[in-house]
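**Student:** A structural model of the following input is requested.
(chains A, B and C)
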Amino acid sequence: MEPVFLGAVTILGLLEQAYFSLQVIYARRKYSVSPPSITGPPEFNRVYRAQANCSEYFPLFITALWTSGVFFNEGLSSMCGVLYLYGRLQYFWGYASSPQGRLDPLYFCAKVLWTLIGCSTIGVFQSFFKIYLHMDLLQITATALGFY
Amino acid sequence: MEPVFLGAVTILGLLEQAYFSLQVIYARRKYSVSPPSITGPPEFNRVYRAQANCSEYFPLFITALWTSGVFFNEGLSSMCGVLYLYGRLQYFWGYASSPQGRLDPLYFCAKVLWTLIGCSTIGVFQSFFKIYLHMDLLQITATALGFY
Amino acid sequence: MEPVFLGAVTILGLLEQAYFSLQVIYARRKYSVSPPSITGPPEFNRVYRAQANCSEYFPLFITALWTSGVFFNEGLSSMCGVLYLYGRLQYFWGYASSPQGRLDPLYFCAKVLWTLIGCSTIGVFQSFFKIYLHMDLLQITATALGFY
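**Tutor:** Predicted coordinates for the structure are as follows:
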């Protein structure tokens, strides 16, 4: 069964990156910064750096999203994925208007990314115990907590 | 059954990135631009930016390639993948000779990437309808078009 | 059965990238280089470039790790993965102290990456022959070498 929600979030992520790339192209035209130059007025630099930062984090995001989705839980990971992409949009718009404006969404995105990395870690541990030690951590925890 | 064609295109992509990285190393030597500096004569800047742009797009390409290949169709996606990598080679060589020379291959690559994103979207929708609504969009479309 | 070792190496890779990003943030504070600026004293530039280079290679590494792990061998690929991440840590620390200090770990990482690409290639060929030509290359090689 294909992980459709992870697939959907992945496509949203690709579309968002495409949107950021287009914004850089528009900013290049607006502020007359021709490639291969990557510096210009502060307004251009901020848009350029916002896109560069999002691009740099895109592989980390996709990797954490899928590791968490495959090893831990698809639904939860996909929801985190949507939150992350929403945060990145706020980050991009915030950074484009001022260096200060990027901070809050950046911290938000970092928290979501750490959540995905945390879920990945739990998921990988769980799979390891199940496959190699034939122990179901989820059930053991539930028993310990008195659910069974 | 492993997706061998997606795997093969992925390896080609890795080899192409290795080739671009080597070109930057050669350009650094030729134009005496020592790390951590990333600017030098325009000839160097173009090679550097060409490689940087290809690197930035590599994760987007790999993500779109596999999403399209897994959710939509492996053969078609792999063919798009080969076209994309061919376009990137033209882009790199074009950019290395002049900023103008990068444009046609860049537009070509963008079109191929949009095709992959489009196929991914169709594929994810199809899987969603099949898994959660038990509807086969492919068959419905074929019926609607009078093929059955 | 989930590839837990590939998953574990992937998480280690994400944590390492997080560590590098934090180092850049600390260096920005220490040398008073505020975003969107990306240049400052040589000490800052080296830390920044070290992180940028690791980020640029992260998608190549993850792609090669999983292609090699899925198509060739999970254990061997995961071990290469750990070596690569260790090399990147040495690279980062080396580069932070001097441009010269980055070279040895960089060559080491390049060798490990080439090993992963080589294993991926063997794995994809093997899968292709098995699936489409119904030939088991591993067994043929073993027979040719007189093991059977």
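
**Student:** where in chain A is pLDDT low?
**Tutor:** A:147-148 (pLDDT under 70).

**Student:** Now do the helices in it.
**Tutor:** With DSSP state H as the criterion, chain A has helices at A:4-30, A:42-71, A:74-97, A:103-133, A:137-144.

**Student:** Any part of the second one near chain C?
**Tutor:** The one in question is helix A:42-71. Yes: applying CB under 8 Å from any CB of the partner chain, one finds helix A:42-71 touching chain C at A:42, A:45-46, A:48-49, A:56, A:59-60, A:63-64, A:67, A:70-71. Where C-beta positions appear, they are placed from N, C-alpha and C, glycine not excepted.

**Student:** Spell out which parts of chain A neighbour chain B.
**Tutor:** So chain A meets chain B at A:1-2, A:4, A:7-8, A:10-11, A:13-15, A:17-18, A:34-38, A:52, A:55, A:58-59, A:62 (CB under 8 Å from any CB).

**Student:** Mind doing that once more with 7 Å?
**Tutor:** A:1-2, A:4, A:7-8, A:10-11, A:14, A:17, A:34-36, A:55, A:58-59, A:62 (CB under 7 Å from any CB of the partner chain).

**Student:** hmm, which of these are the buried ones?
**Tutor:** Neighbour counting over the residues of chain A next to chain B (16 or more other CB atoms under 10 Å in any protein chain shown) leaves A:4, A:7-8, A:10-11, A:14, A:17, A:35-36, A:55, A:58-59, A:62 as the buried ones.

**Student:** ok, residue A:128 to residue A:115 distance?
**Tutor:** 20 Å (CB to CB, to the nearest Å).

**Student:** Pop out the phi and psi values for residue A:32.
**Tutor:** Dihedral pair for residue A:32: phi 50, psi 50, per degrees, to the nearest 10.

**Student:** which ones are touching it?
**Tutor:** Contact analysis of residue A:32 by CB atoms under 7 Å, 6 or more residues apart in numbering or on different chains lists nothing.

**Student:** Give the full set of residues in contact with residue A:38.
**Tutor:** Residue A:38 touches residue A:48, counting by CB under 7 Å, 6+ apart.

**Student:** Pull up the gap between it and residue B:49, please.
**Tutor:** To residue B:49, residue A:38 is 7 Å away according to CB to CB.

**Student:** what's the residue closest to the geometric middle of chain A?
**Tutor:** residue A:61 (3.6 Å; CA atoms, centre = their mean).

**Student:** which residue sits closest to that one, ignoring its sequence neighbours?
**Tutor:** Nearest-residue entry for residue A:61: residue A:84, 5.9 Å, with adjacent residues in sequence omitted and distances by CB to CB, 6 or more residues apart in numbering or on different chains.

**Student:** cool, and residue A:94?
**Tutor:** Among residues not flanking residue A:94 along the chain, residue A:101 sits closest, at 3.2 Å (CB to CB, 6+ apart).

**Student:** Quick one: closest of the helices of chain A to residue B:90.
**Tutor:** Proximity to residue B:90, assessed across the helices of chain A by CB to CB, is greatest for helix A:4-30 (19.1 Å).

**Student:** That closest one: which residues count as buried?
**Tutor:** Of the residues in helix A:4-30, A:4-14, A:16-17, A:20-21, A:23-24, A:27-28 count as buried by neighbour count, 16+ other CB under 10 Å.

**Student:** Equivalent analysis for stretch A:78-88, please.
**Tutor:** Buried residues in stretch A:78-88, counted by 16+ other CB under 10 Å: A:78, A:80, A:81, A:83, A:84, A:85, A:86, A:87, A:88.

**Student:** roughly how far is stretch A:109-122 from the heart of the chain?
**Tutor:** Centroid separation for stretch A:109-122 versus its chain: 9 Å, with CA atoms, centre = their mean, to the nearest Å.

**Student:** The residue lying closest to residue A:125 once chain neighbours are set aside - how many residues pack around it?
**Tutor:** Spatial nearest neighbour of residue A:125, chain neighbours left out: residue A:137 (6.8 Å); criterion: CB to CB, 6+ apart. Neighbours of residue A:137 under the rule other CB atoms under 10 Å in any protein chain shown: 15.

**Student:** which residues touch residue A:137?
**Tutor:** Each residue near residue A:137 by CB under 7 Å, 6+ apart is listed here: A:125, A:126, A:129.

**Student:** Highest neighbour count among the residues you listed?
**Tutor:** residue A:126 (19 neighbours).

**Student:** what about that one, distance to residue C:68?
**Tutor:** From residue A:126 to residue C:68 the distance is 24 Å (CB to CB).

**Student:** ditto for residue A:12
**Tutor:** For residue A:12, the distance to residue C:68 - CB to CB - is 29 Å.

**Student:** same deal with residue A:5?
**Tutor:** Residue A:5 is 28 Å from residue C:68, by CB to CB.

**Student:** Likewise for residue A:95?
**Tutor:** Distance from residue A:95 to residue C:68, by CB to CB: 37 Å.

**Student:** more neighbours, those two?
**Tutor:** Neighbours per residue, other CB under 10 Å: of residue A:95 and residue C:68, the larger number sits with residue C:68, 29 against 25.

**Student:** Let's have the helices of chain A in JSON lines, adding distance to residue B:133.
**Tutor:** Converted to JSON lines, the helices of chain A look like this (distance: least, CB to CB, whole Å):
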{"stretch": "helix A:4-30", "distance to residue B:133": "11"}
{"stretch": "helix A:42-71", "distance to residue B:133": "21"}
{"stretch": "helix A:74-97", "distance to residue B:133": "17"}
{"stretch": "helix A:103-133", "distance to residue B:133": "28"}
{"stretch": "helix A:137-144", "distance to residue B:133": "29"}
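
**Student:** Would you tell me which of these gets closest to residue B:106?
**Tutor:** When those are compared by CB to CB, helix A:4-30 sits nearest residue B:106, at 10.3 Å.

**Student:** which helices and strands sit right next to the closest one?
**Tutor:** Helix A:4-30 sits against helix A:42-71, helix A:74-97, helix B:42-71, helix B:103-133, with contacts defined as 3 or more CB pairs under 7 Å, 6 or more residues apart in numbering or on different chains; DSSP states H and E.

**Student:** Cheers, nothing more for now.
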